[in-house]
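# below is the sequence, then the predicted model.
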Amino acid sequence: MIEKPGKVVVIVPAYNEENQIAAVLDVLTKVKIVNEIIVVNDGSKDNTSAMARSYNVKVIDRERNGGKGAAMQTGIESTDADIIAFIDADLIGLKPEHIENLIKPLINGPDLMMTVGKFSGGRVSTDLAQAIVPFISGQRVFRRKFLNGLPNLADAGFGVEVAITQHAKRSGFKVKEVLISEVSQVMKEEKLGVIQGFKARLKMYSDIAKQIAHKKGDL
C-alpha cells in the first residue's frame with residue numbers, strides 16, 4: 001500500500017468536451033491515491049461543465065476560452081497540492097492503473113520532479129505524433145517545487161507542454177517517461193470536422209513552433 005506524501009490533485013483542462021470527458025472522469029474518480037480532481041472548463045459552448053458537475057469533482061468555469069495554457073494556469077492557481085497531475089479530457093482507453101503509474105514514481109522517488117506519459121499501442125496517429133515530438137504529451141505529473149521559476153502558462157496556448165519541458169531542462173530536473181499502453185486521443189478532425197479540425201491543428205503546431213523558437217535549444 002502506498003503512503004500518500006501529501007495532497008495529490010488531478011487537473012483536467014477541458015474545452016467543448018461534453019462527449020469525451022465522462023469517460024475520463026469515470027476513471028479518475030476510481031484512483032484512490034488522488035485526493036482531488038479539478039476540471040477547468042475553458043469557456044466551453046457545450047455541456048462540458050454540466051457533465052463534469054455530475055461527478056464528485058471541483059469544476060472551475062472560465063468565462064472565456066483562453067487556450068489550454070490559460071486553463072492549466074487557472075488549475076495550478078486553484079490548488080495547494082504537493083503533487084499536481086494534468087490529464088487531457090479526450091483520452092480513449094484510459095484506466096486507473098495508467099494514472100497510478102504516472103503518480104507513483106513521484107511518491108516513491110523523492111529526487112524525481114516530473115513524469116511524462118507517452119502513448120504506446122493505441123492508435124497509430126497518436127503514437128506516431130508522440131514518437132516524432134515526445135515533448136507535446138499532455139499527460140504530466142510534477143511536484144509543487146517544479147512551479148518555482150515556471151513561466152505563467154496562460155500565454156503559451158497549445159505550446160504549454162513545450163514550455164513545461166523547457167523549464168524542466170533549464171532547471172536540471174529529473175524527469176521520467178512513463179508508457180501509457182493502449183491509450184490514445186480523439187483527433188481534432190473527429191471533434192470539429194475535417195476543415196475546422198485541420199485549422200485547430202495548424203493553430204496547435206503554430207503555438208508549439210512559437211514556443212520552441214522563443215526558447216530555442218531547451219528541448
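Yes, it's here.

# all helices for the chain, in order.
21-28, 48-53, 68-77, 96-108, 124-132, 160-171, 188-192, 194-214 (DSSP state H).

# least reliable of those helices going by mean pLDDT?
Among these, helix 124-132 carries the lowest mean pLDDT, at a mean of 47.

# against Pro105, how distant is the residue nearest to Ile21 when sequence neighbours are not counted?
Closest residue in space to Ile21, ignoring its immediate chain neighbours: Ala89 at 4.5 Å, by CB to CB, 6 or more residues apart in numbering. C-beta here means a position set from N, CA and C on the backbone, and glycine is covered the same way. Using CB to CB, to the nearest Å, Ala89 is found at 23 Å from Pro105.

# out of the two, which sits in the busier spot?
A count of neighbours by other CB atoms under 10 Å puts Ala89 above the other of Ala89 and Pro105, at 29 against 14.

# am I right that that one is in contact with Val27?
No: with contact defined as CB atoms under 8 Å, Ala89 does not count as touching Val27 (11.5 Å).

# which pLDDT does the model give the residue nearest to His167 when sequence neighbours are not counted?
Of all residues beyond its chain neighbours, the one nearest His167 is Leu150 (5.0 Å), with distances taken as CB to CB, 6+ apart. Predicted confidence (pLDDT) for Leu150: 94.

# can you count the residues close to Leu150?
16.

# separation between the residue nearest to Ile21 and Ile37?
Taking CB to CB, one finds Ala89 at 11 Å from Ile37.
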